[in-house]
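In: Give the three-dimensional model of this entry:
(one chain, ligands or ions: 1)
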Amino acid sequence: MGCISVAIPGHEYDVHIEPGILARIDEVALRTGKYRGACVLADEAVYKLHGSKVENALRKTFSQVVVGLQPQGEANKTLDTVRNCYDVLLNARLDRDAVVFSFGGGVNGDTAGFVAATYLRGVAFIQCPTTLLAMVDSSVGGKTGVNVPQGKNLIGSFYQPKAVVIDPEVLRTLPRRELCCGLAECVKHAVIADDSLFSWIEAKLPQILALEMPVLVELLERNIAIKARIVEQDEKEQGIRAYLNLGHTFGHAIEATAGYGVIEHGEAVALGMIAAFELAVSLGICGCEAAERVRRLIERIGLPVKADLAANEALIAAMASDKKRKDSAVRFVLPERIGAVRIISGAERGSLNAAWDSLR
Ligand SMILES: NC(=O)c1ccc[n+]([C@@H]2O[C@H](COP(=O)([O-])OP(=O)(O)OC[C@H]3O[C@@H](n4cnc5c(N)ncnc54)[C@H](O)[C@@H]3O)[C@@H](O)[C@H]2O)c1
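Out: So this is what the prediction gives:
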């Protein structure tokens with residue numbers, strides 16, 4: 001069915017989107033290279049639900065299939081998990097001609113990708129995202145890594161997969177809260193780059209939430225195409241890839257002050273987008289109708305528009321320590337309208353306080 005090419009110079013790969021494709025994941029893998037062993041690094045909970053499809057398909061083709069299970073949740077996106085994955089690969093004596101598959105959400109994909117990037121200085125990697133967020137966002141573009149006590153995603157590397165394999169059927173078991181988190185990233189893409197996608201999501205929301213397959217496939221294709229076009233132009237986030245951080249400067253501060261895992265990443269991004277619109281309106285960059293339209297859609301999706309936040313002092317301090325700052329000023333991706341954003345450096349305290357207060 002759908003296939004979107006990601007043309008990063010020197011790292012071209014395809015994103016395959018097709019209901020039922022997991023049963024043929026071995027064929028997709030073989031099209032990307034010759035491998036002697038396969039290792040699936042999977043989210044434990046996802047593996048229980050859908051792992052047999054992947055394992056059965058791989059066993060048809062690979063004489064050696066090793067599975068490493070990773071406990072679910074952001075709290076496990078750590079170097080300890082990475083070390084456990086290395087043990088799985090090392091104990092199985094997998095060589096540089098092995099291929100590593102991720103199988104889970106963004107936590108799993110980011111961790112498994114970092115393992116693949118660093119095991120024996122890099123082995124082939126195939127992403128099999130199973131949350132909407134991971135399908136439309138984290139599995140494409142090659143950012144891998146883990147959290148450390150000092151901050152989120154501070155240890156990692158850019159490492160592009162050989163392919164991304166998306167079976168939207170797995171979304172049928174995804175909890176509604178997680179589906180909504182993925183939709184936050186879809187809204188983000190629309191706000192950054194495509195006002196017609198924004199209107200389409202507004203119109204198709206009931207079908208999306210009902211997991212109507214053709215609508216889901218279109219949602220995936222349109223969002224992945226946006227992400228692909230951005231990372232093709234700016235793989236290492238020297239320029240426009242930073243647009244994808246819309247809502248993240250605020251969102252990361254919410255996650256950091258709440259404690260990782262309390263507020264989901266997608267929820268933090270949704271709240272962060274509302275705060276970014278508020279800031280943009282107060283700076284005169286964006287009209288308040290666009291801000292209201294985005295808040296309404298986020299609310300209709302079922303995402304939070306208010307939160308029990310830490311004090312502004314703590315939130316602003318957390319923003320200042322976010323790694324996305326350049327020189328000493330905090331950088332914000334702010335909307336100009338639905339479909340266009342710009343980056344500004346620094347904002348005065350009064351506007352920031354008002355942005356945070358709009359979430360209370
Ligand atoms: N690399 C990137 O470019 C990038 C971009 C955005 C986000 N991220 C990262 O992604 C992470 C968030 O990813 P996420 O939202 O996918 O969270 P997640 O990986 O924690 O998955 C959410 C939950 O859903 C469960 N789950 C996953 N698939 C399921 C399925 N099909 N059925 C039932 N349950 C399922 C998981 O077990 C988990 O409990 C964050 O760590 C964030 O930093 C990375």
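
In: Select the longest helix from the chain.
Out: Ranked by residue count and defined by DSSP state H, the top helix of the chain is helix 213-233.

In: buried residues in it?
Out: 215-228, 230-232 (16 or more other Cβ atoms under 10 Å). C-betas here are computed from N, CA, C, even on glycine.

In: Write out the residues of this structure neighbouring the ligand.
Out: 43, 45-46, 49, 72-74, 77, 104-108, 110, 130-131, 133-134, 137-138, 141, 143, 153, 170, 173-174, 178, 181, 265-266 (Cβ under 6 Å from any ligand atom).

In: sorry, back to before: quick one: distance of the longest helix of the chain to the chain centre.
Out: Centroid separation for helix 213-233 versus its chain: 13 Å, with Cα atoms, centre = their mean, to the nearest Å.

In: Can I get it as CSV, trimmed to CA atoms?
Out: Taking C-alpha atoms only, helix 213-233 is exported to CSV below (Å, rounded to 0.1, in the frame of the first residue of the first chain):
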residue,chain,number,x,y,z
MET,A,213,-8.3,2.0,8.4
PRO,A,214,-8.3,4.0,5.2
VAL,A,215,-8.5,7.2,7.2
LEU,A,216,-5.7,6.1,9.5
VAL,A,217,-3.5,5.2,6.5
GLU,A,218,-4.1,8.6,5.0
LEU,A,219,-3.3,10.2,8.3
LEU,A,220,0.0,8.3,8.5
GLU,A,221,1.0,9.0,4.9
ARG,A,222,0.3,12.7,5.2
ASN,A,223,2.2,13.1,8.5
ILE,A,224,5.1,10.9,7.6
ALA,A,225,5.5,12.8,4.3
ILE,A,226,5.8,16.1,6.3
LYS,A,227,8.4,14.6,8.6
ALA,A,228,10.3,13.1,5.7
ARG,A,229,10.5,16.3,3.7
ILE,A,230,11.8,18.2,6.8
VAL,A,231,14.5,15.7,7.8
GLU,A,232,15.6,15.3,4.2
GLN,A,233,16.5,19.0,4.1
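
In: Do I have it right that T78 meets P149?
Out: No. Counting by Cβ atoms under 8 Å, T78 does not reach P149; the two are 9.4 Å apart.

In: between these two, who's got more neighbours?
Out: T78 (18 against 6; other Cβ atoms under 10 Å).

In: Next up, phi/psi of the closest residue to the more buried one other than its chain neighbours, please.
Out: Excluding the flanking residues, the one nearest T78 by Cβ to Cβ, 6 or more residues apart in numbering is V146, at 5.5 Å. Dihedral pair for V146: phi -140, psi 170, per degrees, to the nearest 10.

In: how about A320, what does it touch?
Out: When contacts are counted by Cβ atoms under 8 Å, 6 or more residues apart in numbering, A320 touches V330.
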